[in-house]
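1. What follows is a predicted protein model with its sequence.
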Amino acid sequence: MADYKMDADHPGTAMARGVQGVLGKGLDRVEGALKVTGSATYGYEHQIENVAYGFLITAPAAKGKVTGFDTQAARIMPGVLDIIVDDPRIPRQAAAFGPARAGNEAVDHYDQVLGVAVAESFEAARAAAQAVIVHLGREQGTFDTMANVASASGPPKDTRLQDIAKGDLDQAMAAAVASIDQVYTTPNQVHAAMEPHASIACWDGDQLTLYSSLQILKVAKQVLAKAIGIAADRVRIYSPYVGGGFGGKMLGPDAVLAAIAAQRIGRPVKIAMARQQLFHNVYRRTDTHQRLRLAADEHGRLTAIGHDSIVSQGPDGGMMEPVALGTISLYDAPVRHISHKIVTLDMVMAGAVRAPGEAVGMLALETAIDELAEECGRDPIDFRRLNEPKVDPMTGAPFSTRALIDCLDWGAEHFGWTHRCPTPGQTRDGEWLIGMGVAAAVRINLMMDSEARVTLRPDGRARVETDMTDIGTGSYTILAQIAGEALGLPLDCIDVVLGDTDLPPAAGSGGSFGAASAGSSVALACEDIVATLAERMDTAPEEMTLKDGHAIAGNRRMPLGQLVGDAPLIGNGKIRQGSNAKTYSQAAHGAQFAEVAVNAITGEVRMRRMLGVFEAGRILNAKTARSQAIGGMIWGIGYALMEDAVLDQRTGQFVNHDLGEYHVPVHADVPHLDVHFIERIDEHANPIGVKGLGELSISGAGAAVTNAIYNACGVRVRDFPLTLDKIL
Ligand code: MOS
């Protein structure tokens, strides 16, 4: 197996040699036709014989104790097969990451899953679930983050982001020539993937097969096995196509309940969560309350950075939103103060939603930087240039690549930044006030363990196999491109098989580590094959060219199939977590530009255009990368202007728990978006020189919008989202 030690090996050999010319190209998705013709099979769509339908039974209140269930009426309804409310394995929490109910009858978040109704049809199961009466001794829950700050706890010990207190912040603020001290708030937000969580469970003896919609299969397999109480090698999961995953497509209660129900009734069971149930049973992004204190000297240099956050969590704990993750690496100052406080509420747990940390942290930080730049009388791009650190502010390590200023400069030139009037409220188009805003983007770079197998067959075709997922990001396509480049094969000679836990375990999709991790493992598996091909060509890999299905060395040109002979050549590749060089600080960077129009009479905001300029190492596919970036920028628009899960403080439920009332940008809200990549192959990141891209593009995007709104009309709103009632 081709293993990899970053500092010992020369990075990127297969990619450096590649002459096929498929890497980086903006090629169409290899599975695109399957998707647009409806032939790509999603979790709920697999055709399974004799399947029964489940519908989740949930708690009608946020806090209390279940004293009993009245299931009689439900049980006698037509088509009903079973009502399951007594299984101790029923998970209490969002992603089955928390404890099982196990005799604990406490309810501690609204709509908590309590059981499942199983029937011959979806409609019968839903009707039966709704006919179950839950006897609940109701108690008063706690739902208000700021009212409960006194009982807040600090960051958990295992979090990446511990509190920092370097120097005297109060003194630095008092001594500053310019300063800002403001509080920014962001509301609860949800994933709202187009495809809801859905699973089909089938038992064959003690072997469980699950069809589902998941991001990281090897983790889901462990979690499901533990939840059901069987060994992990009894579980096989398929998730070949996923209709969106933003951190929430880990293992849901749909999977666990489907497995329990299928076991109980002795038939396959499928469960799709209703959109409304998703709002309360998939972990949310916490609300945040962020106090930014920034101080600068007479030269416009930051002298102090303070970023104190308050976030919330459910009673069973979970991930802390690392709000200051972007702050710690973006700017340096002699005085630095970072803190996070966690308030426990009777709500569904908070967890990872696209770019945990930077997505909401940078909304506040980059708005605050805009405010401070103005206080200093400086252009916001010049201000960032002045405060660009030479080394990582936290660790002192050099950056592997950092093109933040290049991104700002490229963007400024192409967006027409010089046409921006620095004084707000000066540019008018009829009743619309026009403004431009800019913000920096940063996202940490992660690598995870990932394995792949590549088989080169006697017919000259290659097959790439790994349990990697494609959550709409383009994994199928970029893995084919990497194998094509490394083996010198046109893409139509490559089959990529993903989404099956019987294949080598991949990183999965999350944290923007998917392409770098799974891609590296595929590149290494190809190296394995290239070594054998070179042996058979009697040459060294460096002396051999692979192109159009042929190996070329000296004056010989051999078809790959002929070199392979009778037995397929199998290459295995494995990249290890953190094998990216520790001696370098690694993050991806970018610059976000926005132009908005604010209606002078109604306060309505309309996006006019946006430009995102990003540096994230090597770009594997210009088209899928651009789609990722555009998706992130649209999230930025949503976070700035719309997204808000409104919590009813009396009942602890989100009142707008569907896509009719939880607003996300639709086509009419999204104007022309432009994306440009500044490509810097990061030789210190991994064998393919790639850094995480997807989540970079949400970072800073919302702040560019809010800064543009300020530039348009002179109103600074710090309570997100910026709806027209706040701007007016
Ligand atoms: Mo992402 S929030 O790690 O899918």
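-> Looks like it came in fine. Numbering: from 1, shown residues only.
2. Could you pull up the mean pLDDT of stretch 421-428?
-> Taken as a whole, stretch 421-428 has a mean pLDDT of 96.
3. so does the one helix or strand Ala640 maps to get close to the ligand?
-> Using DSSP states H and E, Ala640 sits in helix 622-641. No. On the criterion CB under 6 Å from any ligand atom, helix 622-641 is out of touch with the ligand, staying 11.1 Å away. In short, each C-beta sits where N, CA and C put it, glycine included.
4. Packing partners of that helix?
-> Applying 3 or more CB pairs under 8 Å, 6 or more residues apart in numbering; DSSP states H and E, one finds that helix 622-641 makes contact with helix 358-375, strand 605-615, strand 672-677, helix 701-713.
5. Looking at the ones you listed, which is nearest to Asp409?
-> Nearest of the helices and strands packed on helix 622-641 to Asp409, taken as CB to CB: strand 605-615 at 8.8 Å.
6. could you check the angle helix 622-641 makes with that closest one?
-> For strand 605-615 against helix 622-641, the angle by axes from the mean of the first three to the mean of the last three CA atoms, to 10 degrees is 140 degrees.
7. Quick one: mean pLDDT over strand 605-615.
-> 98.
8. contacting residues for the residue in the chain that the ligand sits nearest to?
-> Distances between the chain and the ligand by CB to the nearest ligand atom are smallest at Gly247, namely 2.6 Å. Applying CB atoms under 8 Å, 6 or more residues apart in numbering, we find Gly247 in contact with His191, Gln215, Tyr283, Gly351, Ala352, Val353, Arg354, Pro356, Gly510.
9. Keep only those that also lie close to the ligand.
-> With CB under 6 Å from any ligand atom as the criterion, the contacts of Gly247 include Gln215, Ala352, Val353, Arg354, Pro356, Gly510 near the ligand.
10. where does the last one land in three-state SS?
-> Remark: Gly510 carries the secondary structure label coil [criterion: DSSP: H, G, I helix; E, B strand; the rest coil].
11. For it, which non-adjacent residue is closest in space?
-> In this structure, Gly510 finds its nearest non-sequential neighbour in Gln215, 5.3 Å apart by CB to CB, 6 or more residues apart in numbering.
12. That neighbour: neighbour count?
-> 24 (other CB atoms under 10 Å).
13. Pretty sure Gly244 is one of the things it touches, is it not?
-> No. When contacts are counted by CB atoms under 8 Å, Gln215 is not listed as touching Gly244 (9.9 Å).
14. Spit out the residues that contact these two alike.
-> By CB under 8 Å, 6+ apart, the residues touching both Gln215 and Gly244 are Ile471.
15. How many residues are close by the residue nearest to Gly714 when sequence neighbours are not counted?
-> What sits nearest to Gly714 in space, not counting adjacent residues and going by CB to CB, 6+ apart, is Pro424, at 3.6 Å. For Pro424, the neighbour count with other CB under 10 Å is 17.
16. in the chain, which segments are predicted with low confidence?
-> Where the chain drops to pLDDT under 70, the residues are 1-14, 579-581.
17. Name all residues that make contact with Leu487.
-> Contacts of Leu487 by CB under 8 Å, 6+ apart are Val454, Leu456, Ala462, Cys526, Ile529, Val530, Leu546, Leu560.
18. ok, now with 7 Å
-> Leu456, Ala462, Cys526, Ile529, Leu546 (CB atoms under 7 Å, 6 or more residues apart in numbering).
19. So which residues of the stretch 301-450 of the chain form strands?
-> Under the criterion DSSP state E, counting those that start in this stretch, strands of the stretch 301-450 of the chain are mapped to 302-313, 335-344, 428-429, 432-444, 450-456.
20. looking at these, which is closest to Ile698?
-> strand 432-444 (8.2 Å).
21. do that closest one and the ligand meet at all?
-> No. Among the residues of strand 432-444, none lie within reach of the ligand under CB under 6 Å from any ligand atom; the closest is 10.8 Å away.
22. That strand pairs with which strands?
-> strand 428-429 (antiparallel), strand 587-599 (antiparallel) (DSSP bridges).
23. Burial check on Asp644, number of neighbours?
-> Close neighbours of Asp644, defined as other CB under 10 Å, add up to 21.
24. quick one, what contacts it?
-> Applying CB under 7 Å, 6+ apart to Asp644 gives the contacts Pro187, Pro721.
25. In three-state terms, label it for me.
-> Judged by three-state DSSP, the three-state class of Asp644 is coil.
26. I'd like to know how far it sits from Asp287.
-> According to CB to CB, to the nearest Å, Asp644 and Asp287 sit 10 Å apart.
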